[in-house]
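S.K.: just to be clear, the model below is a prediction. Sequence and coordinates:
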Amino acid sequence: MIYISSHNIISSLGFSSEENLSKIRKGISGIQLSENKKISPEPVFVSLVSYDEPEKRFSKISENSKKYTKYEKFLILSINDALKNSKVDIQSDETVFIFSTTKGNIDLLEKDNKNSFDTERLKLWKSSEIVADFFGKKNNIRTISNACISGTMAVITAQRLIEAGKYKNAVVAGADILSEFTLSGFQAFKAVSEGACKPFDIKRTGMTPGEGAATIILTSEKSLSDNSGIIIAGGANSNDANHISGPSRTGEELAFSIKKAMSESNLSSDDIDFISGHGTATPYNDETESKALELAGLQSVPLSGTKGYIGHTFGATGIIETVIAAEAIKNSEVYKTAGFEEIGVSGKINVQKKYKSISVNTALKTASGFGGCNAVLVLKKENFSQNTVSFDKKHFEIIKKVKISNNQVTVNDTIDYKYTDSDKNQFSAFAKAVYKNYKIKYPKFYKMDNLSKLGFLGAEILLNNTNILSNYKSEEISVILSNESSSLDTDAKYQKTIDDRKNYFPGPSVFVYTLANIMIGEICIKNKIKGENTVFISEYFDKDFIFDYADILLNKRKSKLCITGRVDYNYPKGNYIAELYLLESSK
Amino acid sequence: MEDLTLKLKEQIIEALNLEDMEPDEIETNEPLFNEGLGLDSIDALELIVLLEKNYGIKIENPKDGQKIFYSLKTMAEYIKEHQIN
C-alpha cells in the first residue's frame, strides 16, 4: 500500500495546504487582474504568488537567497514545508525525489535575466538537482515533463516505483512560475480567459494562467504515514492520438484511462465518491473531459475544480489536485467550483456549486495536456475495497533498435543509412534526407520542430517493415522516452518572437513545440498509438531505469508493446541523438 | 489583386512550413482547411499572426477566421478591405 506521509501547496492563496484549503472552503479566489508589463503587454487575469512573501520565507530557511531562482525557491519552500510533518528519511537510497514541471527556469531565457544565472539551469534535470541538493539529496532524482499532466504523472510514477519495490518512499514535488513565455504562448493560442476562468460553465472563454508549487510525500511504511489511512490506489495514462494541441473530440481516450485506473484500484464507477477535475475552462478541454467522465459512468459523482481559485499552475496542478482529492477523503467534504454557475458542456457531469460535507471514501483525479496526453489517479481509504498487488519481475524482448546520430542511421547496430552531403552540420538537411531515404509520406513532418522530427524519424524507422502494431490494440502500445535538453532549442526560438516589444508576434505553431512530450504526440498521431506516454528528463540516458519503468508497464499495466529509449536535441550545441528500442512483452 | 494573392501564397508557405510546395500549387478558390491544403487549428492561429505581422490587421475572435481563411481569395479580399496602409 502506498500511503501519504505529508503534503504542501503554494499558490496565490497561501503557503501551506491548510491555508489553501481554508480559503477554498470559504470560496475565496486568488485570481486578480495584473497590469504587470513584465509578464504581458496587456492587462490579464492571472493567479500570482506575491514575490516578497516567498523571499521573506526563504530568508528564514537559508542565507543564500541569491543563489536560487524563483522557480527553485518555490520548490524548496514547498518541500521544506512538507518535510516538517514527515519522518521519511530523504537521504536514504530507498527514497526517490520526483520533480514535475513544464518549463522550470524558463524566465532565464529572457533578455534581462540572461546574465544573472548560468543558462545550464534552463535544463530541467539541473534545476531538480539544485533543489534536491538544498536538502542534501544527491542521488535518486527523477524529473518528469509531460505538459499539463506532469504533476499527476509524477504521483503515478512514484506509486508505480514504490509498488514495484524500487523505492520505499517518494518526495514528489512540482512547480511552474508564471512568465511572459508561457503567458504569451497561451494568448497566441487565444486560450486565456477574459476574466477569472469559469470551469465547465456555459460562458467560459479560456484558462487563467497561474503559478505555484506543491509537494506530496508518499511511503509504503504505514508508520511513516499521516495516519489518514488514505492510499494511492491506482493510475493510468493514455494518448488521444488526435492532435498536438487540441484534445480528443470524443473523450474516449481519457475515459479509457479512467476505467483502467479504477480497475487497477479494484473499484467500479459506482464506488467513486468524488472527482478532483482538470477543468482548465478552455472550451475544448472541459467539453472533452465531460464526455470522458460520462463515458466512464461518472455522471453523478460530485466534481470540484480548483482552477477558478488558483488558475492553472501547470507542473504543480496535478499534485495540488491530488492533495485536494486526499483532503476531500480525509475531511469528508467536497468543494465549490469557483467560476462555475451554469453547465456548458455536453457530457453529463455533476459540477459542485457549493461546499458540502459528504462521506468520501474514494476520489479520482483527471488531467489532460498538450501532446494529447491524459492521466488519471485514484485515491481511497485503505480499508475500502482492498486490492492486492503482486509485481512479478518479468521480461521483455528487444525486437529492434534504431539509432540516429552524427549523420547516420543504424538499425540493430548495423549502418542502414549514411548522409554524405556537404552541409554536414545541418540537422534539418539531414532529417529531410532521412525522410526521403525511407520514403516517408507525411507532410506534417515539415511543420515539426527539430526534436519532434528526430523522435518521429526514429519511430518511423523502428516500425518500418514491421506489422507489429496491428497485433495490438492501440491502448496496449506505449511510448516512454528519456530526454536531456527538453524543448530548449525551440524554446529559444520562441523567446525571440517575444523579446522585442516593437516586434512582438508570438507564434502558436512554434509555441506548441515548447514541450518535450509533443514528440510523443506526433508519434502517437501518426501511428494511432493510445497507450502510456511519458517523458523523463535526465542528464544522462539511464537505460536501466527506463527499461525498468517499461518493464512495469509491460507487465502490470497491460501494456504489451513499448517504444522506448532516448531522443535528444541538445541545447545550445545542436548535437542530436535518438536511440530507440521496440520492446515486446514476453508471451 | 494578383500581386497580393501571389505574395500571400508565398507568405503562407513560409509561415506554415509547407515545404516542397510552390505558390501556384495553392488554388486561389479552393478551401484552405480540411480538404485543400489540409490545414488545422494551429495553422489558423498562425494565419491570424500572419495578418497582424504583415498587414497590421488584428483578429480578436478566432471564430472570425473561419470565413476570412476560407480560401486564398477570401483572405486577399479581407486584407484589401481592412489593410491600414
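M.R.: Arrived safely.
S.K.: C-alpha from now on. contacts and neighbour counts both.
M.R.: OK.
S.K.: which regions of chain B sit below the pLDDT cut-off?
M.R.: For chain B, applying pLDDT under 70 flags the ranges B:84-85.
S.K.: which residues of chain B fall in helices?
M.R.: With DSSP state H as the criterion, chain B has helices at B:2-15, B:41-55, B:65-68, B:72-82.
S.K.: so which of those helices is the most packed in?
M.R.: helix B:41-55 (a mean of 19; mean count of other C-alpha atoms under 10 Å in any protein chain shown).
S.K.: other residues contacting it?
M.R.: Outside helix B:41-55, the residues that touch it by C-alpha atoms under 8 Å, 6 or more residues apart in numbering or on different chains are A:188-189, A:245, A:505-509, B:11-12, B:15-16, B:57-59, B:62, B:65, B:69, B:79, B:83-84.
S.K.: selecting buried members of these in ChimeraX, what would you type?
M.R.: With 16 or more other C-alpha atoms under 10 Å in any protein chain shown as the burial test, the buried ones among these are selected in ChimeraX as follows:
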select /A:188,189,245,505,506,507,508,509 /B:11,12,15,16,57,59,65,69,79
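S.K.: A:Phe567 touches A:Val479, doesn't it?
M.R.: Phe isn't right for residue A:567; it's Val. No: between A:Val567 and A:Val479 there is no contact, the gap being 11.6 Å when judged by C-alpha atoms under 8 Å.
S.K.: who has more neighbours, these two?
M.R.: Taking neighbours as other C-alpha atoms under 10 Å in any protein chain shown, A:Val567 and A:Val479 compare with A:Val567 leading, 29 against 25.
S.K.: so which residue of chain A comes closest to chain B?
M.R.: A:Lys447 (5.4 Å; C-alpha to the nearest C-alpha).
S.K.: state the number of residues packed around that residue.
M.R.: Residues within reach of A:Lys447, counting by other C-alpha under 10 Å, total 18.
S.K.: how about it: what's its closest non-neighbour residue?
M.R.: In space, and not counting its chain neighbours, A:Lys447 is closest to B:Asn17: 5.4 Å by C-alpha to C-alpha, 6 or more residues apart in numbering or on different chains.
S.K.: state the distance from that neighbour to A:Glu287.
M.R.: Counting by C-alpha to C-alpha, to the nearest Å, the separation of B:Asn17 from A:Glu287 is 31 Å.
S.K.: looking at those two, which is more packed in?
M.R.: A:Glu287 (22 against 18).
S.K.: quick one: contacts for residue 11?
M.R.: Chain wasn't specified; assuming chain A. Neighbouring residues of A:Ser11 by C-alpha under 8 Å, 6+ apart: A:Asn20, A:Ser47, A:Leu48, A:Val49, A:Glu211, A:Gly212, A:Ala213, A:Ile310.
S.K.: that's the wrong chain, I wanted chain B
M.R.: For B:Gln11, the contact set (C-alpha under 8 Å, 6+ apart) comprises B:Leu50.
S.K.: again, but for A:Ala173
M.R.: Counting by C-alpha under 8 Å, 6+ apart, A:Ala173 touches A:75, A:78-79, A:97-100, A:151, A:213-216, A:316, A:319.
S.K.: just the ones of those in helices?
M.R.: Filtering the contacts of A:Ala173 for helices - DSSP H - leaves A:Leu75, A:Ser78, A:Ile79, A:Gly151, A:Ile319.
S.K.: what about chain B: which of those touch it?
M.R.: Among the ones in helices among the contacts of A:Ala173, no residue is within reach of chain B (C-alpha under 8 Å from any C-alpha of the partner chain).
S.K.: dump those residues to JSON lines, plus pLDDT and neighbour count.
M.R.: Shown next, in JSON lines, are the ones in helices among the contacts of A:Ala173 (pLDDT from 0 to 100; neighbours: other C-alpha atoms under 10 Å in any protein chain shown):
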{"residue": "A:Leu75", "pLDDT": "98", "neighbour count": "26"}
{"residue": "A:Ser78", "pLDDT": "98", "neighbour count": "26"}
{"residue": "A:Ile79", "pLDDT": "98", "neighbour count": "27"}
{"residue": "A:Gly151", "pLDDT": "98", "neighbour count": "36"}
{"residue": "A:Ile319", "pLDDT": "98", "neighbour count": "32"}
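S.K.: between those residues, which sits nearest A:Thr414?
M.R.: Nearest to A:Thr414 among those is A:Gly151, at 39.3 Å by C-alpha to C-alpha.
S.K.: so A:Ile404 is in which element?
M.R.: Following DSSP states H and E, one finds A:Ile404 within strand A:396-405.
S.K.: picking that back up, now for the helices of chain B, which one comes closest to A:Ile231?
M.R.: Proximity to A:Ile231 (C-alpha to C-alpha) singles out helix B:41-55 among the helices of chain B, at 40.5 Å.
S.K.: right, and chain A sits closest to which residue of chain B?
M.R.: Going by C-alpha to the nearest C-alpha, chain A is nearest to B:Asn17 of chain B, at 5.4 Å.
S.K.: just checking, that residue touches A:Pro443?
M.R.: No: using C-alpha under 8 Å, B:Asn17 is not in contact with A:Pro443, being 9.6 Å away.
S.K.: the domain parsing of chain A - what is it?
M.R.: For chain A, automatic domain parsing gives the domain ranges A:3-381, A:396-585.
S.K.: and those, which is most packed in?
M.R.: domain A:3-381 (a mean of 22).
S.K.: quick one: the closest residue to A:Ile272 other than its chain neighbours and A:Ser238, what's the gap?
M.R.: Ranked by C-alpha to C-alpha, 6+ apart and with sequence neighbours excluded, the top spatial neighbour of A:Ile272 is A:Thr362, at 5.4 Å. For A:Thr362, the distance to A:Ser238 equals 22 Å [C-alpha to C-alpha].
S.K.: before we move on, what about A:Lys291?
M.R.: Using C-alpha to C-alpha, we find A:Lys291 at a distance of 16 Å from A:Ser238.
S.K.: what parts of chain B come near chain A?
M.R.: B:Leu16, B:Asn17, B:Leu18, B:Glu19, B:Ile42, B:Asp43, B:Leu45, B:Glu46, B:Val49, B:Lys53, B:Pro62.
S.K.: farthest pair in the residues you listed?
M.R.: Using C-alpha to C-alpha, these reach their maximum pairwise distance at B:Glu19 and B:Pro62, which is 25.4 Å.
S.K.: secondary structure element for A:Ala261?
M.R.: Element membership of A:Ala261, judged by DSSP H and E, is helix A:252-264.
S.K.: what lies in contact with that helix?
M.R.: Helix A:252-264 is contacted by residues A:233-240, A:268-269, A:289, A:291-293, A:295-296, A:366, A:368, A:374-378, A:387, A:530 when judged by C-alpha under 8 Å, 6+ apart.
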